[in-house]
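**Q** here's my sequence, what's the structure:
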Amino acid sequence: MHTGSDRGTNESATGDTTTGPTGQRAEGAAEETAEETLHVSKAPAFIKARRTLHLSWQVGVFVVGLAVIAAGVAMLVLPGPGWVAIFAGLAIWATEFAWAHLVLRWTKRKVTEAAQKALDPKVRRRNIILTTTGLVIAGALIGFYLWKYGLVLPWDLKGQ
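**A** I've put the predicted structure just below:
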């Protein structure tokens, strides 16, 4: 089991973090320590007690997670919340599999970093300029089409 002491933090019996050898306060050390502990199955105790039952449980969790992820992938091109379903399937897998837990934690970190980067004033200003430029170009193209051909759509078969 991983403890916080080799990361330069000490935890008291109450779970409070204290400063480590570097003199810095370890923010979120309790969270990091809890996440880095050995991944434990979320299956009920009576299922974990029997090896074949626990293996069956894991196969079931894998199949359900795979079905949710497959539905999410399908929803990327069909109507529906595709990414939400993919992350939900990954969260289902993370209840049983350490690798899925690590992937989910990495994904959460990357999404948080992307959100913070998107809120950066320079990036927001650049995105607004690019969006405005794109809308002006699209408006000019639509205006040219209407000037050249009028409001007749190219697939209007009644006009022939």
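
**Q** just checking, what packs against the lengthiest helix in the chain?
**A** In the chain, taking DSSP state H as the definition, the longest helix is helix 121-149. Using 3 or more C-beta pairs under 8 Å, 6 or more residues apart in numbering; DSSP states H and E, the elements in contact with helix 121-149 are helix 98-118. Where C-beta positions appear, they are placed from N, C-alpha and C, glycine not excepted.

**Q** report how many residues lie close to Ala100.
**A** 20 (other C-beta atoms under 10 Å).

**Q** residue contacts, it?
**A** Each residue near Ala100 by C-beta atoms under 8 Å, 6 or more residues apart in numbering is listed here: 65, 90, 93-94.

**Q** assumed Lys42 was part of a helix.
**A** No - Lys42 is assigned coil when assessed by DSSP: H, G, I helix; E, B strand; the rest coil, not a helix.

**Q** per-residue confidence at it?
**A** Looking at Lys42, its pLDDT stands at 76.

**Q** oh, and call the first residue 11 from now on, that's how I've got it
**A** Shifting the count to begin at 11 puts that one at Lys52.

**Q** I'd guessed it sits against Trp103; true?
**A** No - between Lys52 and Trp103 there is no contact under C-beta atoms under 8 Å: 11.1 Å.

**Q** which of the contacts of Ala110 scores worst on pLDDT?
**A** Within the contacts of Ala110, pLDDT is lowest for Ala104, at 88.

**Q** can you list phi and psi of it for me?
**A** Main-chain torsions, Ala104, degrees, to the nearest 10: phi -70, psi -20.

**Q** and it, how far is that from Leu151?
**A** Per C-beta to C-beta, to the nearest Å, Ala104 is found 46 Å from Leu151.

**Q** okay, these two: which has more neighbours?
**A** Ala104 (20 against 10).

**Q** residue contacts, the more buried one?
**A** Per C-beta under 8 Å, 6+ apart, neighbours of Ala104: 110-111, 113-114.

**Q** then Thr105?
**A** Thr105 neighbours (C-beta under 8 Å, 6+ apart): 51-52, 71.

**Q** quick one: which of these has the most company?
**A** Counting neighbours by other C-beta under 10 Å, Val71 leads the contacts of Thr105 with 20 neighbours.
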